[in-house]
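Chemist: Just to be clear, the model below is a prediction. Sequence and coordinates:
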Amino acid sequence: MTSNITLPDQANAQDPQPLVNRRDFIKGGSMVAAGSAFAAMSNRAAAANLPYSDSYGPLMPVADKATGLELLALPEGFEYTSFGWTGSMQADGQPTPGAHDGMAPVASKGSVICLVRNHEQSGGGHTSAPRGGRGVYNPAQRGGTSNVLFDVVQGKFLSSYNSLGGTIRNCCGGLTPWGSWMSCEETYQNAQGFYHGYIFEVPGFGISDGQPIREMGRFSHEAAAVDPATGYVYETEDTGQSGFYKFVPDGVWGDLKSGGSLYAMVLDNTARIDLRGGLVEGSVWDVSWQEVPDPDAFNQSCFAQASDAAIIERGEGCWYDDGKIFFVSTSGGAANLGQIFCYDPRKETLTIVFESQSRDQVDGPDNIAVSPRGNILMCEDGGSNPKRLVGLTLDGNTFHFAENRIALDQGDLATIDAIYPGTQANFLTSVGNSTDGSNRRSFSSSEWAGACFHDRWLFVNIQTPGVTFAITGPWENGAL
């Protein structure tokens with residue numbers, strides 16, 4: 001699907017604006033000025049009693065408004081439209097890259113918002129390179145980002161185009177309050193003579209310069225979040241023994257490329273406190289920071305250089321809201337099912353706000369987003385099937401908001417391809433080869449990623465087969 005939306009190298013009289021200004025970002029969260037986000041979670045007794053049920057009720061299959069196919073299970077009253085299918089043709093004449101991951105709306109022009117979407121690809125798959133070869137780091141690699149334009153008033157997908165290329169495994173990332181996206185490489189390797197493991201900045205309605213921000217560290221990056229009061233960036237690392245990092249820019253607010261210093265989190269002035277085992281929810285540690293001497297070192301990891309840094313198991317999703325930074329350990333905890341921590345940069349404390357005790361709660365939270373009401377939505381990436389979007393409330397309750405029910409045969413692909421040309425060609429070798437005789441391939445075990453809220457819309461990806469959804473409905477009936 002293409003449209004008459006202009007591409008970033010064409011003239012446009014209306015300048016893009018960050019979706020929230022700095023004051024609103026500080027005042028009440030990254031999407032809207034909302035109430036306190038998990039402020040009471042370290043003191044459960046102080047949590048407000050909500051005048052409605054946390055959950056939105058039982059989940060049932062719902063037909064996609066774009067294709068008519070039942071792709072998701074949602075609560076009663078919710079609807080959605082799909083777009084951005086892998087292989088579908090974009091406005092720049094290139095197919096949509098696959099392996100959709102982290103995402104957020106970062107800028108707007110009137111009612112049109114620009115979401116920047118990561119693609120966790122490496123050497124294979126559709127190229128993420130922007131038109132004309134600009135914004136490409138390592139030409140042999142196919143990871144990167146695409147920018148997606150969506151009209152929130154009409155509820156309509158408009159177009160997309162590639163905005164960063166030549167990177168590896170762009171997993172999560174994070175938005176900034178100045179209208180850009182930080183795309184993170186989840187790798188630590190040398191490929192074709194290029195070192196990888198960096199953060200790249202992508203502007204809304206624009207194209208990245210394709211240059212890594214080396215001072216922000218070279219490691220297996222997962223996600224990043226900005227404290228708008230200071231401009232400091234907090235970063236997670238997706239390895240078995242990983243750190244939680246703080247980047248302090250040298251330049252003015254909003255300038256990540258003028259240099260800076262990287263620090264790793266230390267707890268209770270004690271070396272290598274291990275957060276991977278079972279922890280008591282509500283436990284609090286004092287935070288200090290140890291500088292990483294050489295963030296761009298090729299022979300020693302950032303975590304090894306910070307010998308006192310606390311140990312986190314697979315740091316993943318990271319989100320700023322209401323003066324706090326929330327981040328995930330996707331397989332931490334006694335049951336190895338996931339933990340969520342809250343860092344308070346004003347008090348310099350870390351609190352564990354949630355540890356999953358059973359797969360019914362959540363199995364491997366990955367990307368997260370804080371909702372307009374201040375509760376957390378977790379993208380599941382563990383052993384569950386079907387994969388779920390799981391809500392986590394102020395008082396620590398969980399509920400299931402959505403399930404991945406995608407299963408496709410060749411007829412379904414023809415339906416999708418008629419709306420989004422190019423999709424069917426991408427799947428001809430992977431669909432119609434099931435062993436149960438149905439000629440239908442299930443993708444229900446594929447992870448959710450990139451959840452983010454704007455106005456009455458929830459945008460989210462399913463990584464395989466690679467598709468983006470815009471979901472809306474009676475949000476006032478539940479906790480999100």
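Modeler: On my side now, so go ahead. Values in this document were obtained by computation on a predicted structure and should not be read as measured data.
Chemist: after the lowest-mean-pLDDT helix or strand in the chain, next one along is what?
Modeler: The weakest-scoring helix or strand in the chain, judged by mean pLDDT, DSSP states H and E, is helix 22-28 (a mean of 51). Next in sequence after helix 22-28, counting helices and strands by DSSP states H and E, comes strand 59-63.
Chemist: CA atoms only for that next one, dumped as CSV, please.
Modeler: What follows is strand 59-63, C-alpha atoms only, in CSV (Å, rounded to 0.1, in the frame of the first residue of the first chain):
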residue,chain,number,x,y,z
LEU,A,59,-10.5,-12.8,25.5
MET,A,60,-12.2,-13.9,22.2
PRO,A,61,-11.1,-14.0,18.6
VAL,A,62,-11.6,-10.7,16.8
ALA,A,63,-11.5,-10.1,13.0
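Chemist: packing partners for that strand?
Modeler: On a contact count with 3 or more Cβ pairs under 8 Å, 6 or more residues apart in numbering; DSSP states H and E, strand 59-63 meets strand 70-75, strand 398-404. Where C-beta positions appear, they are placed from N, C-alpha and C, glycine not excepted.
Chemist: The nearest residue to residue 407 once chain neighbours are set aside and residue 410, how far apart?
Modeler: Counting by Cβ to Cβ, 6 or more residues apart in numbering, residue 407 lies nearest to residue 442, which is 4.3 Å off, once chain neighbours are set aside. Computed as Cβ to Cβ, to the nearest Å, the residue 442 to residue 410 distance reads 15 Å.
Chemist: cool, residue 145 as well?
Modeler: Taking Cβ to Cβ, one finds residue 145 at 30 Å from residue 410.
Chemist: And residue 472, by the same measure?
Modeler: 30 Å.
Chemist: ok so, going back, next, format the helices and strands packed on strand 59-63 as TSV and append distance to residue 332, mean neighbour count and mean pLDDT.
Modeler: Output for the helices and strands packed on strand 59-63, formatted as TSV (distance: least, Cβ to Cβ, whole Å; neighbours: other Cβ atoms under 10 Å; pLDDT from 0 to 100):
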stretch	distance to residue 332	mean neighbour count	mean pLDDT
strand 70-75	28	21	98
strand 398-404	16	24	98
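Chemist: I'd like those strands as JSON lines, with distance to residue 347 appended.
Modeler: JSON lines is the format used below for these (distance: least, Cβ to Cβ, whole Å):
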{"stretch": "strand 70-75", "distance to residue 347": "36"}
{"stretch": "strand 398-404", "distance to residue 347": "26"}
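Chemist: Between these, which one is closest to residue 139.
Modeler: strand 398-404 (33.7 Å; Cβ to Cβ).
Chemist: Can you give the distance of the closest one from its chain's centre?
Modeler: Relative to its parent chain, strand 398-404 has a centroid offset of 17 Å by Cα atoms, centre = their mean, to the nearest Å.
Chemist: just the helices in the chain please.
Modeler: 22-28, 302-305, 410-419, 423-427 (DSSP state H).
Chemist: so the longest one versus strand 70-75, what angle?
Modeler: In other words, helix 410-419. Here the directions of helix 410-419 and strand 70-75 differ by 90 degrees (axes from the mean of the first three to the mean of the last three Cα atoms, to 10 degrees).
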